[in-house]
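Engineer: Here you go, sequence then predicted model.
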Amino acid sequence: MDVFEAISQRRSIRKFKDEDVDDAMILQIIQGGIWAPSAGNLQSWEIVLVKNPETKKKLCEAAYLRDFISKAPIILVVCVNQNVSGDIYNKRGVELYGIQDAACATQNMLLMAHAIGLGACWVGAFNEELVSDLIDLPHYLRPVALVTLGVPDEKPYPPPRRDIDEFLHREKY
């Protein structure tokens, strides 16, 4: 699969088959995240891998009852390590660069999941405090994404996309 094909054919998958995901595939997906760009190559993110059904149910509740979350075989909680990003870049590192690092790693993991035949969905709407408490995060880790993973049981149509002329501004706005 070439890069454009992976990018243009990836979809957010919210329905999964009731099948386990091989650990080697999970590690391959995380390895994709490792190669994401990051500010100063600090790689200021951490991942909590969740398989426990009760924990997944509580993550679903923290994500405003998006019930597909609890039905996914795997949930990766992508977090920013604010100490790492803040130590070098101060406030901007904590408030922006760390978030960007985690977002880049998350996108790479979504593309890797798609490339190896798994489905994934990036969930950004959740109660951070509840998620942090649920997975025992230290105060310097901030959860920024829940990524559901599994064998897809749906094939969504491509969503509409804006035309380039609607948002591309040359030289000035």
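Structural biologist: On my side now, so go ahead.
Engineer: Please list the outside residues in contact with stretch 32-51.
Structural biologist: With contacts defined as C-beta atoms under 8 Å, 6 or more residues apart in numbering, stretch 32-51 is touched by 26, 30, 56, 59, 73-82, 84-85, 88-89, 93, 97-98, 100-102, 104-109, 111-112, 135, 137, 141. Just so you know, the C-beta spots here come from the backbone N, C-alpha and C atoms, and that holds for glycine as well.
Engineer: repeat that for 7 Å
Structural biologist: With C-beta atoms under 7 Å, 6 or more residues apart in numbering as the test, stretch 32-51 has contacts from 26, 30, 56, 59, 74-81, 84-85, 88-89, 93, 97-98, 100-102, 104-105, 108-109, 111-112, 135, 141.
Engineer: Can you flag the buried ones in those?
Structural biologist: For these, a burial check counting by 16 or more other C-beta atoms under 10 Å picks out 26, 30, 56, 59, 74-81, 84-85, 89, 93, 97-98, 100-102, 104-105, 108-109, 111-112, 135, 141.
Engineer: Check which helices and strands the helix or strand bottoming out on mean pLDDT in the chain sits against.
Structural biologist: Lowest by mean pLDDT, DSSP states H and E among the helices and strands of the chain is helix 3-9, with a mean of 94. If contacts are counted by 3 or more C-beta pairs under 7 Å, 6 or more residues apart in numbering; DSSP states H and E, helix 3-9 sits against helix 98-115.
Engineer: Mind giving me the packing neighbours of whichever helix or strand comes after the helix it packs on?
Structural biologist: Moving toward the C-terminus from helix 98-115, the next helix or strand (DSSP states H and E) is strand 119-123. Using 3+ C-beta pairs under 7 Å, 6+ apart, the elements in contact with strand 119-123 are helix 98-115, strand 141-150.
Engineer: buried residues in the last one?
Structural biologist: This means strand 141-150. If you call a residue buried by 16+ other C-beta under 10 Å, then strand 141-150 has these buried ones: 141-150.
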